[in-house]
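A.B. asks: Got a predicted structure here, sequence first:
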Amino acid sequence: MIMENDALPTSNSVPPPPPPMPVVGVGVFVLKGDRVLLGRRRVSVGYNTFALPGGHLEFGESFEECAAREVKEETGLDVRKTEYLTVTNNVFSERAKLVHLVCIFIRAVLVDDNQQPQNLEPEKCDGWDWYDWNHLPKPLFEPVEVLVRSGFNPFPVN
Ligand SMILES: Nc1nc2c([nH]c(=O)n2[C@H]2C[C@H](O)[C@@H](COP(=O)(O)OP(=O)(O)OP(=O)(O)O)O2)c(=O)[nH]1
Ligand SMILES: [Mg+2]
């Protein structure tokens, strides 16, 4: 039923917004001993949850290039041995909106073990810290939480 105030489509009306698309992100397990680097997000999706450094895959970029770039942009850290680990497909709702994230997980180690993470994008993150794998902070960002709950371990097998 058309209500009195409903806009009727006309030939010059604004086109409807495009349908939502999956987002391709890269999350990086920066490993140091038994610890991983995490920071509390200050942006949606995942506001206030602990996530890995990472970001959107840019056009033409390899997963490993994206991983090293995002870690550098967000923490100032230089990483090496970037290795693909796994991919997850997460569909969940956040604040009544459906979110679809395809996340490529990469691991890496520091070029210089003494280098400290800096919070280079404070509008996006509260700050970076190392967390023992067996004592991860809560709440974790949904894609990381699902991965950890599945029993996944990002550390190389000795
Ligand atoms: N940072 C981060 N993003 C993740 C993880 N898992 C996961 O699905 N993502 C998804 C969520 C985001 O929609 C997407 C991009 O990450 P982001 O929200 O940190 O993006 P960003 O602002 O740093 O990226 P950019 O636009 O600067 O490239 O990747 C994770 O563990 N860490
Ligand atoms: Mg990010």
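C.D. replies: Sure, I can see it. Ligands and ions are numbered 1, 2, ... in the order given.

A.B. asks: alpha carbons only for contacts and neighbour counts from here, please
C.D. replies: Will do.

A.B. asks: Doesn't residue 68 belong to a strand?
C.D. replies: No: with DSSP: H, G, I helix; E, B strand; the rest coil as the criterion, residue 68 is helix rather than part of a strand.

A.B. asks: So what pairs up with the closest residue to it other than its chain neighbours in the strands?
C.D. replies: The shortest distance from residue 68 to any residue other than its chain neighbours is 6.2 Å, reached at residue 79 (Cα to Cα, 6 or more residues apart in numbering). On the basis of DSSP bridges, residue 79 is bridged to residue 110.

A.B. asks: For residue 79, list the residues it contacts.
C.D. replies: 30, 68, 71-72, 108-111 (Cα atoms under 8 Å, 6 or more residues apart in numbering).

A.B. asks: What of residue 82?
C.D. replies: Contacts were defined as Cα under 8 Å, 6+ apart; by that measure residue 82 touches 64, 67-68, 106-109.

A.B. asks: before we move on, what about residue 73?
C.D. replies: The contact partners of residue 73, by Cα under 8 Å, 6+ apart, come to 120-121.

A.B. asks: Show me which residues of the helix or strand hosting it are buried.
C.D. replies: When elements are defined using DSSP states H and E, residue 73 is found to belong to helix 63-75. By neighbour count on 16 or more other Cα atoms under 10 Å, the buried set for helix 63-75 is 63-64, 66-75.

A.B. asks: For it, output the C-alpha coordinates as CSV.
C.D. replies: C-alpha atoms of helix 63-75 as CSV (Å, rounded to 0.1, in the frame of the first residue of the first chain):
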residue,chain,number,x,y,z
PHE,A,63,47.8,-10.7,1.4
GLU,A,64,51.3,-10.5,2.7
GLU,A,65,51.9,-7.0,1.3
CYS,A,66,48.6,-5.8,2.9
ALA,A,67,49.6,-7.4,6.2
ALA,A,68,53.0,-5.7,6.3
ARG,A,69,51.5,-2.3,5.2
GLU,A,70,48.7,-2.3,7.8
VAL,A,71,51.0,-3.3,10.6
LYS,A,72,53.4,-0.5,9.7
GLU,A,73,50.6,2.1,9.3
GLU,A,74,48.9,1.2,12.6
THR,A,75,51.8,0.3,14.9
